[in-house]
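>>> Have a look; sequence and predicted model below, questions after that.
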Amino acid sequence: GDISKVFLYIHEDGGLKLLLDAAHYDGSVVWEDESGWDHHGDVQPSSSGDRSVPTYVDDSGAANTYHPPHWHFDGNKRWIPLHELYFPDHQKIIQSMTAGIYVRTDYTCRDFMCNWALLDFDRSEWFNVFIHGKGYACFSTSGKDRRFRDLCTKKKVNDGQWHWLVFKFDSKTKKKQIFVDGKLEIEQAKWHPLGLG
C-alpha cells in the first residue's frame with residue numbers, strides 16, 4: 001500500500017500533534033513533521049534489522065496520470081517510527097482526537113490483521129487505525145477495561161484508488177466516527193474513555 005499524508009490532532013493536548021506530507025520530503029533520513037512538534041518519521045534502515053524502509057515514490061509529473069508523492073510499503077517489516085510521539089502519562093485519557101491518512105491499497109487477505117496499521121499507538125493501550133484484510137477502514141480503541149472496540153466501515157477501500165480516511169473520537173458528542181473521502185461511513189454512538197497508555 002501507499003501513504004501520502006498523515007495528520008493527528010489531539011484536541012485537549014495542544015491541537016495538531018503530527019503533520020506529514022510526502023510531497024515535502026527532501027530526501028533526508030527523516031520524513032519531516034510539519035506540525036511544529038518535531039515528531040519526524042525515521043526513514044533510514046534499522047541497524048538491528050528489525051525494520052525495512054518503505055520506498056519513496058514521486059511520479060507526480062508523469063503524463064496522463066496523477067499519483068501524489070508517497071511512501072510505498074510492499075511487505076513485512078516496512079514501517080516508519082515517529083520520533084517521540086507517545087503518551088507518557090499512564091493516567092491520561094484522550095477525550096477527543098482526529099486522525100487522517102491519504103492512502104491507496106489494492107491488497108486483500110483473509111486475516112483480520114494481515115493488511116494492518118496505518119497509524120498505530122498500540123491497539124490494547126490507546127488506538128489503532130488500519131485497513132482490514134478484506135479492505136474495510138477500521139478504528140480500534142481500548143478503554144479502562146482494556147477491551148478492544150473495533151469499528152469498521154462496510155465500504156471497502158482496497159480498490160487501488162487514493163482515499164482520504166479520517167477517524168474521529170469525541171467524548172462531547174459521545175461518538176467514534178470513520179469518514180471516507182469526506183463522507184461519514186459509520187459511527188459508534190456508545191462512548192468510552194480512550195486508553196490509559
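Arrived safely, thanks for sending.

>>> Who does the residue sitting nearest the centre point of the chain form a beta bridge with?
Centroid-nearest residue in the chain: residue 119, 2.8 Å away (criterion: CA atoms, centre = their mean). Beta-bridge partners for residue 119, by DSSP bridges, are residue 129.

>>> what does residue 168 give?
Going by DSSP bridges, residue 168 forms beta bridges with residue 98, residue 177.

>>> And for it, the neighbour number?
Using other CB atoms under 10 Å, the number of residues around residue 168 comes to 20. C-beta coordinates here come from the backbone N, C-alpha and C atoms, glycine included.

>>> Let me see the mean pLDDT of stretch 15-22.
The average pLDDT for stretch 15-22 rounds to 93.

>>> what sits up against it?
3-10, 31-37, 39, 41, 56, 58, 68-71, 82, 85 (CB atoms under 8 Å, 6 or more residues apart in numbering).

>>> Out of the residues you listed, list just those in helices.
Among the contacts of stretch 15-22, no residue falls in helices (DSSP state H).

>>> about what we covered before: residues touching the residue nearest to the centre of the chain, list them.
6, 8, 99, 101, 128-129.

>>> Quick check, pLDDT for the residue nearest to residue 159 when sequence neighbours are not counted.
Among residues not flanking residue 159 along the chain, residue 106 sits closest, at 6.8 Å (CB to CB, 6 or more residues apart in numbering). You'll see residue 106 listed with a pLDDT of 93.

>>> How much space separates residue 106 from residue 158?
Look at residue 106 and residue 158: by CB to CB, to the nearest Å, they are 6 Å apart.

>>> repeat for residue 52
22 Å.

>>> same thing with residue 68?
18 Å.

>>> Those two - which one has more neighbours?
Higher neighbour count among residue 68 and residue 158: residue 158, with 22 against 17, using other CB under 10 Å.

>>> which non-adjacent residue is nearest the more buried one?
Closest residue to residue 158 apart from its sequence neighbours, by CB to CB, 6+ apart: residue 135 at 3.4 Å.

>>> same thing with residue 33?
Distance criterion CB to CB, 6+ apart; nearest residue to residue 33, sequence neighbours excluded, is residue 39 at 4.4 Å.
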